[in-house]
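1. can you look at this prediction? I've put the sequence above it.
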Amino acid sequence: MSAPFVPIPMTSKKCMGLSGVVEVPSDKSISHRSLILGAMAIGETKISGLLEGRDVLDTAKAMQAFGATVKNLGDGNWSVHGVGVGGFSEPQGVIECGNSGTGVRLIMGAMATHEITATFTGDASLNKRPMARITDPIALFGANAYGRKGGRLPMTIVGAKHPVPVSYTVPMPSAQVKSAVMLAGLNAPGETVIIEKKATRDHTERMLMGFGAEVEVNTTSEGRIIKLRGYPDLQAQTISVPRDPSSAAFPVCAALITEGSDVLVPNIGLNPTRAGLYTTLREMGADLDYDNERFEGGEPVADLRAKFSPNMKGIEVPPERAASMIDEYPILSVVASFAEGDTVMRGVKELRVKESDRIDAMAKGLRANGMEVDEGEDWWVLHGKGMGNVLGGGLVETFLDHRIAMSFLVLGFGAENPVRIDDGGPIATSFPNFEPLMAALGANLTRNDH
């Protein structure tokens, strides 16, 4: 593995006929939550198929630091002996969260209602991201936060001595914020109420119910109202983590834009709060089928079959779909480059505060590769050129963002000229086997000599 902070420049080139079966990484969102809820449960939680990327491994270390016993049993199998709700102990050192906004925000929520103090930090990208969206609601429980200017990491959280239940309206569509408040509410008396005006991914609600928490979810004219009863006895579970729809997006989209391709991606989680990309691709005319649809552990799952789709058309993506595909707009923009006509993406201002400003990063990278992009604060429009007309040939700055890096490498598979990125190192945070997996399908992908 390369030393930390040493860039890994990469190049992708046009290829033909991607084919094969793709075992993409397990779901990162569910992996994080499995470790955290396992640590807050009583007994031994057994997890199979855990994503072993850096982000999730950092969460595993954090749960150990808070007192849980976490063991790697090999082959994606893990064991977590929990300490029960309210059982977190004070960590001895700083909690390192790497690149993971999900990890740091959920852990902050989980510890905020314990009478302990913890300091959090991350890599250069994470330390630029706003944490006020978490520190504001956990302050209502009685926690205090002390961080850098602008509410940024490194940050110390002093947990509430006498936590109180809260009623909180999430100001932006964010599963991280909602989940952090729910995790804080576990160790508060009475009933914590969360109102989200737009529904976001509901893995936390589903998993909390599976662990035995009392959670009630209702959809009203105000939005989605979640009620959580405090001080539950969470019971250890056996969890099989489905494979990640966000990771599946890259081989699926690569197949759609690469002539002669036929790729099968099995066991993909298709929770309706996560599957907006695949709905959008089908509306654009993608040859994308769901095979063997089923349920596993309360989550809908299917095998995705993607084939070269030369006749896709640009569409206007409904703004209300944004929350279900917020991480997939970069790769959607790549596919839209090969579609005929405009693809319009609105209601996506959350992308401004991801691992990078993803609207800005995508616009710059696409323009560097011959595309035309219009952008605003919470929207952008990509003027698709159609199959065979995407020039490529550009050098893309990835801004330490794994999804920007992978998206532009996929662009190179279908573009007329090679596409270079300045750093593929961050890909390991979510998709550690991206390079060999894509190469096995027939992709032309290389690391550049320094």
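-> Alright, I've got the coordinates. Residues are numbered from 1 along each chain as shown.

2. helix, strand, or coil at the residue located most distally from the centre of the chain?
-> Distance from the C-alpha centroid of the chain peaks at residue 162, with 32.7 Å (C-alpha atoms, centre = their mean). Under DSSP: H, G, I helix; E, B strand; the rest coil, residue 162 falls in the coil class.

3. in the stretch 201-350 of the chain, where is pLDDT below threshold?
-> Across the stretch 201-350 of the chain, the ranges flagged by pLDDT under 70 are 297-298.

4. which residues of it fall in strands?
-> 215-220, 223-229, 238-240, 262-269, 287-296, 299-307, 316-317, 340-346 (DSSP state E, counting those that start in this stretch).

5. so which of the ones you listed gets nearest residue 433?
-> For the strands of the stretch 201-350 of the chain, the distance to residue 433 is smallest for strand 262-269, at 13.6 Å, taking C-beta to C-beta. Yep, even glycine has a C-beta here, placed from its N, CA and C like the rest.

6. tell me which residues are up against that closest one.
-> Around strand 262-269, the neighbours that count as contacts under C-beta atoms under 8 Å, 6 or more residues apart in numbering are 18-24, 27, 30, 242-245, 248, 251-252, 254-255, 291-292, 296, 299-308, 441.

7. let's see 6 Å
-> With contact meaning C-beta atoms under 6 Å, 6 or more residues apart in numbering, strand 262-269 is reached by 18-19, 21-22, 27, 242-243, 245, 248, 251-252, 255, 299, 301, 303-307.

8. for stretch 213-231, same thing?
-> In contact with stretch 213-231 (C-beta under 6 Å, 6+ apart) are residues 182, 185, 188-197, 199, 205, 208-209, 232.

9. what about 8 Å?
-> 85-86, 165, 169, 178, 182, 185-199, 202, 205, 208-209, 232, 234.

10. now do the buried residues in it.
-> Within stretch 213-231, the residues that count as buried by 16 or more other C-beta atoms under 10 Å are 213, 215, 223, 224, 225, 226, 228, 229, 230.

11. buried among the contacts of stretch 213-231? Make that a ChimeraX selection.
-> To isolate the buried members of the contacts of stretch 213-231 in ChimeraX, using 16+ other C-beta under 10 Å:
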select :85,165,178,182,185,186,187,188,192,193,194,196,198,199,202,205,208,232,234
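
12. so of the contacts of stretch 213-231, which ones are in helices?
-> Of the contacts of stretch 213-231, the ones assigned to helices by DSSP state H are 178, 182, 185, 205, 208, 209.

13. and those, which is closest to residue 355?
-> For the ones in helices among the contacts of stretch 213-231, the nearest to residue 355 is residue 178 (19.6 Å; C-beta to C-beta).

14. roughly how far does the closest one sit from residue 245?
-> 19 Å (C-beta to C-beta, to the nearest Å).

15. do a quick rundown of the strands in the stretch 1-150 of the chain.
-> 10-13, 19-21, 44-48, 69-74, 77-81, 95-96, 117-121, 144-148.

16. listing partners with orientation, what would you give for the shortest one?
-> If I follow you right, that is strand 95-96. In the sheet, strand 95-96 lines up against strand 117-121 (parallel) (DSSP bridges).

17. now do the buried residues in the partner strand.
-> Buried residues in strand 117-121, defined by neighbour count with 16+ other C-beta under 10 Å: 118, 119, 120, 121.

18. distance-wise, check residue 129 relative to residue 60.
-> With C-beta to C-beta as the criterion, residue 129 and residue 60 are 21 Å apart.

19. those two: which has the busier surroundings?
-> residue 60 (26 against 20; other C-beta atoms under 10 Å).

20. now that one: closest residue in space that isn't a chain neighbour?
-> Nearest non-adjacent residue to residue 60, counting by C-beta to C-beta, 6 or more residues apart in numbering: residue 70, 5.0 Å away.

21. I'd assumed residue 78 was in contact with the one you found.
-> Yes - using C-beta atoms under 8 Å, residue 70 makes contact with residue 78 at a distance of 6.9 Å.

22. any chance you could list what contacts stretch 279-287?
-> 252-253, 256, 288, 306-309, 311-315, 317, 321, 325, 332, 335-336, 339, 343.

23. these, buried ones only, as a PyMOL selection?
-> A single PyMOL command suffices to select whichever of those are buried according to 16+ other C-beta under 10 Å:
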select buried, resi 252+253+256+288+306+307+308+309+312+314+315+317+321+325+332+335+336+339+343
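
24. burial count for residue 89?
-> 12.

25. the stretch 301-450 of the chain: helices as residue ranges?
-> Secondary structure of the stretch 301-450 of the chain (DSSP state H, counting those that start in this stretch): helices at 329-337, 358-368, 402-414, 434-441.

26. okay if I get these as a markdown table plus distance to residue 43?
-> Shown next, in a markdown table, are the helices of the stretch 301-450 of the chain (distance: least, C-beta to C-beta, whole Å):
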| stretch | distance to residue 43 |
| --- | --- |
| helix 329-337 | 39 |
| helix 358-368 | 40 |
| helix 402-414 | 34 |
| helix 434-441 | 35 |
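
27. give me every residue that touches residue 411.
-> By C-beta under 8 Å, 6+ apart, residue 411 lies in contact with 12, 334, 337, 369, 390, 392, 419.

28. swap that for residue 127, sorry
-> 121, 148, 152, 153, 154.

29. tell me the pLDDT at it?
-> Looking at residue 127, its pLDDT is 93.

30. please report how far it lies from residue 152.
-> Relative to residue 152, and taking C-beta to C-beta, residue 127 is found at 6 Å.

31. and residue 359, by the same measure?
-> Residue 359 sits 20 Å away from residue 152, going by C-beta to C-beta.

32. ok, residue 367 - contacts?
-> residue 373 are the contacts of residue 367 under C-beta under 8 Å, 6+ apart.

33. switch to 10 Å and redo it
-> 373, 394 (C-beta atoms under 10 Å, 6 or more residues apart in numbering).

34. and for the one 4 residues further on?
-> By C-beta under 10 Å, 6+ apart, the residues touching residue 371 are 333-334, 336-337, 362-363, 365, 382-385, 390-392, 394, 411, 415.

35. same thing but 7 Å
-> Applying C-beta atoms under 7 Å, 6 or more residues apart in numbering to residue 371 gives the contacts 337, 382.

36. got it, and residue 111?
-> Shown in contact with residue 111 (C-beta under 7 Å, 6+ apart): 66, 88, 118, 157, 159.

37. so can I have TSV of these showing pLDDT?
-> Output for those, formatted as TSV (pLDDT from 0 to 100):
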residue	pLDDT
66	98
88	98
118	98
157	98
159	98
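
38. not counting sequence-adjacent ones, nearest residue to residue 97?
-> residue 104 is the one closest to residue 97 (C-beta to C-beta, 6+ apart), at 3.9 Å.

39. number of residues surrounding that neighbour?
-> Residues near residue 104, counting by other C-beta under 10 Å, number 30.

40. distance-wise, check it relative to residue 304.
-> 31 Å.

41. how is the chain carved up into domains?
-> 10-26+243-447, 28-240 (automatic domain parsing).
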